[in-house]
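K.L.:
Sequence first, predicted model second:
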Amino acid sequence: MSRSSQRKLLTLKSLLALQILAVSFANAQQKDAKAIVSAAAATELAADHNDHSAYMYRDHDVAPDHDTVILVIETPQGNLHRKLEDHGKPLSPDARQADDASNQKLLHDPALQRKLRKDTNHDDNQAEELLKLLPDAFTWSIAEEDGDLITLNFKRNPNFEPQNMEARVFASMDGQIVVAKGDNRIRTIRGRMGEDVKILFGLLGGLHKGGTFDVERREVAPHHWQVTELHVHIAGKAFFATIGSQEDEWKTDFKLSLAQSLQQAWEIATGPAGADRTSASLGKPQGK
């Protein structure tokens, strides 16, 4: 073999070795990233089961059909919602009366209370199921580390097989997660739909590529984390009608709730503590 051929062979072997090394490094990083996400998801699931702290807070919710500020008081019987503002203004006397009458009906109707608990449990269970899917629904890589925060990129996992529509929509996203390493808690989840999601092969419509969501969580008390911002902008069509979600939500002014029942929550909402929340100005979520 000539020297020229030997040099070419050596070059090819070196390039192959570098390529193998790069793939091995990428695979190792992916495994490390997935391990970080798996650990954070496990911490969140444990907190959901073991942290029974309840809070009261202001919830500013903006969607195409409303712009409201609501006082939310969590209790073991469910959450009480008392509307405080509508499109930036205090409620009119008629609106105040109607909202209070709705809460009074809830307080005295066991069927409504059961429905409230059922709806709350359904939302909690759905969030838990999606959290369990998080490590395997995507492929993971580490983007950057900045002090206590580590940012991870995620992409759709072509080998993941979702079992329901919620999982299909969830798994169609590409985006980022930010983990707070100190408590090993998920601080941010933001994603964008990388493809159209068809319902029954498109016969019943579907959701459009490009939809986004952003969930922000903060430590509202030592080692207690809550969702403080939610931004969902997803659109599509189903049954020839426009569907989707266009919503922006900010939760502020967190304090521990001492209410053990909806009746106690009502007394707090209509007492001095509730009055303080009514007059409070909207601020930025904790931790921003």
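P.N.:
In hand now; what should we look at? Keep in mind it's a predicted model, so treat the numbers as computed, not measured.
K.L.:
Not including adjacent chain positions, what is the nearest residue to residue 43?
P.N.:
residue 184 (4.6 Å; C-beta to C-beta, 6 or more residues apart in numbering). (Glycine included, C-beta is placed from N, CA and C.)
K.L.:
doesn't residue 46 make contact with that neighbour?
P.N.:
No: look at residue 184 against residue 46 with C-beta atoms under 8 Å: they stay out of range, at 10.0 Å.
K.L.:
So, low pLDDT: which residues of the chain?
P.N.:
1-31, 196-208, 236-244, 273-288 (pLDDT under 70).
K.L.:
Okay, and the beta partners of the residue most central in space within it?
P.N.:
For the chain, the residue sitting closest to the mean C-alpha position, by C-alpha atoms, centre = their mean, is residue 215 at 4.2 Å. Beta bridges link residue 215 to residue 189, residue 230 when assigned by DSSP bridges.
K.L.:
Enumerate every residue touching it.
P.N.:
188, 189, 190, 227, 229, 230, 231 (C-beta atoms under 8 Å, 6 or more residues apart in numbering).
K.L.:
switch the cut-off to 7 Å
P.N.:
189, 227, 230 (C-beta atoms under 7 Å, 6 or more residues apart in numbering).
K.L.:
Any of these buried? List them.
P.N.:
Among the contacts of residue 215, the ones that count as buried by 16 or more other C-beta atoms under 10 Å are 189, 230.
K.L.:
count of neighbours near the residue nearest to residue 216 when sequence neighbours are not counted?
P.N.:
In this structure, residue 216 finds its nearest non-sequential neighbour in residue 229, 3.8 Å apart by C-beta to C-beta, 6+ apart. The number of residues packed near residue 229 is 19, by other C-beta atoms under 10 Å.
K.L.:
just the one 3 residues further on next, same as before
P.N.:
Look at residue 232: counted by other C-beta under 10 Å, it has 16 neighbours.
K.L.:
That one is in contact with residue 245, isn't it?
P.N.:
Yes: with contacts defined as C-beta atoms under 7 Å, residue 232 counts as touching residue 245 at a distance of 4.6 Å.
K.L.:
residue boundaries of the helices in the protein?
P.N.:
Here the chain has its helices, by DSSP state H, at 3-50, 93-107, 110-137, 165-171, 262-269, 272-279.
K.L.:
wait, doesn't residue 229 sit right on residue 250?
P.N.:
Yes: if you go by C-beta under 7 Å, residue 229 and residue 250 touch, sitting 5.6 Å apart.
K.L.:
For residue 95, see how far away the nearest residue to residue 256 once chain neighbours are set aside is.
P.N.:
Counting by C-beta to C-beta, 6+ apart, residue 256 lies nearest to residue 55, which is 6.2 Å off, once chain neighbours are set aside. The span separating residue 55 from residue 95 equals 25 Å under the rule C-beta to C-beta, to the nearest Å.
K.L.:
quick one: stretch 148-157 to chain centroid distance?
P.N.:
Averaging C-alpha positions (C-alpha atoms, centre = their mean, to the nearest Å) puts stretch 148-157 15 Å from its chain's average.
K.L.:
Could you check that stretch and say which residues are buried?
P.N.:
Using 16+ other C-beta under 10 Å as the test for burial, stretch 148-157 gives 150, 152, 153, 154, 156.
K.L.:
So which of those sit within strands?
P.N.:
Counted as lying in strands by DSSP state E, out of those, are 150, 152, 153, 154, 156.
K.L.:
Distance to residue 139 added to these, as JSON lines?
P.N.:
Output for these, formatted as JSON lines (distance: C-beta to C-beta, whole Å):
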{"residue": "150", "distance to residue 139": "17"}
{"residue": "152", "distance to residue 139": "11"}
{"residue": "153", "distance to residue 139": "9"}
{"residue": "154", "distance to residue 139": "7"}
{"residue": "156", "distance to residue 139": "8"}
